[in-house]
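Participant: The amino acid sequence is not available; the structure is as follows:
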């Protein structure tokens with residue numbers, strides 16, 4: 001074979017390989033990634049079409065891709081800067097400086113040097129473009145650096161549910177630890193009641209098998225959910241339980257799991273995440289295990305208490321996780337488990353990172369999108385911290401990076417002045433004929 005033919009064959013093989021890799025959604029496409037992807041997207045960076053639906057797509061197409069995943073989240077957060085604010089003709093001069101109608105104006109992907117500590121790409125001066133006169137309106141802000149607007153406990157561009165002035169004023173005088181500290185009770189029978197009785201297998205079960213023994217004392221057994229309730233599919237019996245079978249009864253949990261770090265890959269048709277895929281520190285012993293419902297809950301016992309702590313510690317090896325044992329939250333958790341404290345008073349990993357919330361229908365569910373209240377972390381204030389702690393204390397604690405690392409061993413060493421400023425402003429407002437800002441409930 002001549003050199004020309006060899007070159008042609010090598011080129012054809014190379015093009016074929018690259019073409020197959022690009023078209024096959026399950027192939028590793030990292031070869032095509034132009035730069036480091038942000039923490040929020042790196043797991044799905046090989047699913048290029050999740051953001052880039054077509055070649056040479058314009059910014060409108062990219063905006064649609066962003067909204068496919070994040071529009072509902074912003075709606076639930078009562079977005080402080082919705083698109084309507086920037087389509088208002090009165091703000092045209094500001095929109096020319098910073099067109100915040102499009103996510104990519106601030107959140108550029110494949111831009112590692114612009115990635116913030118929150119794991120998203122973000123310029124530091126975006127507030128300044130529209131709020132140059134804030135020091136005149138609010139003397140408390142005089143002399144502050146423009147890069148400090150989004151400091152912990154101050155302002156967030158999208159979600160300020162826990163930082164609205166009226167909310168801060170209302171909760172300003174709360175003690176560090178509230179006198180009544182009790183979490184929302186678990187909805188024990190909800191899932192079982194949703195399972196149609198035709199799916200319940202009442203066959204005699206021989207409990208010699210340890211796995212069946214585990215099932216026999218589980219919440220599923222108590223609710224009448226037997227083998228076929230999980231293993232029967234539309235096409236027959238399946239030894240491996242499909243995720244969608246879990247969703248028959250746990251649809252809110254399955255939905256949240258698919259939006260979070262644990263399940264976002266599966267949601268896009270990629271192979272399941274493994275701890276080895278994570279950027280956060282993980283234990284090497286579990287690096288290659290694929291994540292699914294039974295990774296945390298077990299295959300038959302579905303022990304929610306083990307899933308709330310031990311399952312997290314089995315994978316995560318960061319300092320915050322390691323410091324949980326022996327800390328104040330862990331002591332409260334052990335007190336509940338031992339009966340020394342009442343039910344729903346302990347604080348597990350899941351208490352904070354997968355909290356029990358109330359749906360629009362008034363039902364309690366567990367938010368399985370563990371990233372929902374971490375970016376930014378002030379989102380934890382209303383749904384998590386306020387169950388046990390006063391607002392001012394919680395803001396200070398979440399602003400103390402060292403305290404977060406050691407898992408809240410001791411009082412916060414930092415103080416965020418936003419509550420003080422809000423109280424001062426509310427007292428002065430009547431005299432100034434200017435009501436306190438009320439942008440939330």
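Facilitator: Nice, thanks for sending it over. As the structure is a computational prediction, the values presented were derived from the model and not from experiment.
Participant: Mind picking out the helix or strand in this protein with the poorest mean pLDDT?
Facilitator: Lowest on mean pLDDT, DSSP states H and E among the helices and strands of the chain sits helix 190-194, with a mean of 42.
Participant: buried stuff in the very next helix or strand once past that one?
Facilitator: Where DSSP states H and E defines the elements, the next helix or strand beyond helix 190-194 is helix 210-216. By 16 or more other Cβ atoms under 10 Å, the buried positions in helix 210-216 come out as 214-215. Every residue, glycine included, has its C-beta placed from N, CA and C.
Participant: Starting from helix 210-216, tell me the next helix or strand along the chain.
Facilitator: Trace forward from helix 210-216 with DSSP H and E and the next one is helix 219-222.
Participant: Could you give the average pLDDT over that next one?
Facilitator: Taken as a whole, helix 219-222 has a mean pLDDT of 85.
Participant: Just the buried residues of it, please?
Facilitator: Neighbour counts using 16+ other Cβ under 10 Å place 219-221 of helix 219-222 among the buried residues.
Participant: Columns distance to residue 137 on top of the residues you listed, output as JSON lines?
Facilitator: What follows is these, written out as JSON lines (distance: Cβ to Cβ, whole Å):
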{"residue": "219", "distance to residue 137": "54"}
{"residue": "220", "distance to residue 137": "58"}
{"residue": "221", "distance to residue 137": "62"}
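Participant: between these, which is nearest residue 318?
Facilitator: Nearest to residue 318 out of the buried residues of helix 219-222 is residue 219 (Cβ to Cβ; 30.2 Å).
Participant: can you tell me how far the closest one sits from residue 307?
Facilitator: 12 Å (Cβ to Cβ, to the nearest Å).
Participant: Quick one: low-confidence residue ranges for the stretch 301-441 of the chain.
Facilitator: The model of the stretch 301-441 of the chain has pLDDT under 70 over residues 429-441.
Participant: which one of the buried residues of helix 219-222 is nearest residue 113?
Facilitator: residue 219 (48.7 Å).
Participant: Now for residue 348: which residues touch it?
Facilitator: Residue 348 sits next to 305, 308-309, 329, 333 when contact means Cβ atoms under 8 Å, 6 or more residues apart in numbering.
Participant: And the helices in the stretch 151-300 of the chain, which stretches?
Facilitator: Assigned by DSSP state H, counting those that start in this stretch, the helices in the stretch 151-300 of the chain fall at 165-170, 190-194, 210-216, 219-222, 227-231, 243-247, 251-259, 264-267, 293-297.
Participant: Ok, which of these comes nearest residue 388?
Facilitator: With Cβ to Cβ as the measure, helix 165-170 is the member of the helices of the stretch 151-300 of the chain nearest residue 388 (17.2 Å).
Participant: Who are the packing partners of that closest one?
Facilitator: Using 3 or more Cβ pairs under 8 Å, 6 or more residues apart in numbering; DSSP states H and E as the contact test, the elements touching helix 165-170 are helix 418-428.
Participant: what distance separates the helix it packs on from the centre of its chain?
Facilitator: Centre-to-centre, helix 418-428 and its host chain are 31 Å apart (Cα atoms, centre = their mean, to the nearest Å).
Participant: hmm, back to that, rank the helices of the stretch 151-300 of the chain by pLDDT, which is bottom?
Facilitator: The bottom spot among the helices of the stretch 151-300 of the chain, by mean pLDDT, belongs to helix 190-194, with a mean of 42.
Participant: and residue 357, what element?
Facilitator: With DSSP H and E as the criterion, residue 357 is inside strand 356-358.
Participant: hmm, who's touching that strand?
Facilitator: By Cβ under 8 Å, 6+ apart, strand 356-358 touches 183-186, 364-367, 383.
Participant: In strands only, show me those residues.
Facilitator: Among those, the subset assigned to strands under DSSP state E consists of 364-366.
Participant: is it true that residue 140 touches residue 418?
Facilitator: No. Using Cβ atoms under 8 Å, residue 140 is not in contact with residue 418, being 9.1 Å away.
Participant: So for the two, which residue has more residues nearby?
Facilitator: More crowded of residue 140 and residue 418, by other Cβ atoms under 10 Å: residue 418, with 20 against 15.
Participant: quick one: that one from residue 390, how far?
Facilitator: Residue 418 is 14 Å from residue 390, by Cβ to Cβ.
Participant: Next: residue 409.
Facilitator: 19 Å.
Participant: next one: residue 246
Facilitator: Separation of residue 246 from residue 390 (Cβ to Cβ): 38 Å.
Participant: go on, residue 239?
Facilitator: 51 Å.
Participant: More neighbours: these two, which one.
Facilitator: residue 390 (19 against 5).
Participant: Show the backbone phi and psi for the residue most central in space within the chain.
Facilitator: With distances taken as Cα atoms, centre = their mean, residue 371 lies nearest the centre of the chain, 1.4 Å away. When read as degrees, to the nearest 10, the backbone of residue 371 gives phi -90, psi 0.
Participant: Show the contacting residues for it.
Facilitator: Taking Cβ under 8 Å, 6+ apart as the test, what residue 371 contacts is 40, 259-261.
Participant: Between these, which sits nearest residue 165?
Facilitator: residue 40 (29.1 Å).
Participant: How about the secondary structure of that closest one?
Facilitator: Using DSSP: H, G, I helix; E, B strand; the rest coil, the structure places residue 40 in coil.
Participant: ok, it to residue 383 distance?
Facilitator: From residue 40 to residue 383 the distance is 20 Å (Cβ to Cβ).
Participant: filter the contacts of strand 356-358 to the buried ones?
Facilitator: Among the contacts of strand 356-358, those buried by neighbour count (16+ other Cβ under 10 Å) are 183, 365-367, 383.
Participant: Out of those residues, the closest to residue 109 would be?
Facilitator: residue 367 (25.9 Å).
Participant: That closest one contacts residue 350, correct?
Facilitator: No. Using Cβ under 8 Å, residue 367 makes no contact with residue 350, being 9.5 Å away.
Participant: just to revisit the earlier point, just put the buried ones among the contacts of strand 356-358 in TSV and tack on distance to residue 168.
Facilitator: Listed next are the buried ones among the contacts of strand 356-358 as TSV, based on distance: Cβ to Cβ, whole Å:
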residue	distance to residue 168
183	23
365	28
366	28
367	24
383	16
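Participant: contacting residues around the spatially closest residue to residue 62 that is not a sequence neighbour?
Facilitator: Leaving aside its sequence neighbours, residue 62 sits nearest to residue 104 (Cβ to Cβ, 6 or more residues apart in numbering; 5.6 Å). Listed by Cβ under 8 Å, 6+ apart, the contact partners of residue 104 are 59, 62-63, 66.
Participant: ditto for residue 274
Facilitator: Residue 274 makes contacts with 287-291, as judged by Cβ under 8 Å, 6+ apart.
Participant: do residue 396 as well
Facilitator: Shown in contact with residue 396 (Cβ under 8 Å, 6+ apart): 153, 412, 414-416.
Participant: okay, the contacts of residue 104 in JSON lines with neighbour count and distance to residue 85 next?
Facilitator: As requested, those are exported to JSON lines (neighbours: other Cβ atoms under 10 Å; distance: Cβ to Cβ, whole Å):
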{"residue": "59", "neighbour count": "13", "distance to residue 85": "18"}
{"residue": "62", "neighbour count": "17", "distance to residue 85": "20"}
{"residue": "63", "neighbour count": "17", "distance to residue 85": "16"}
{"residue": "66", "neighbour count": "16", "distance to residue 85": "17"}
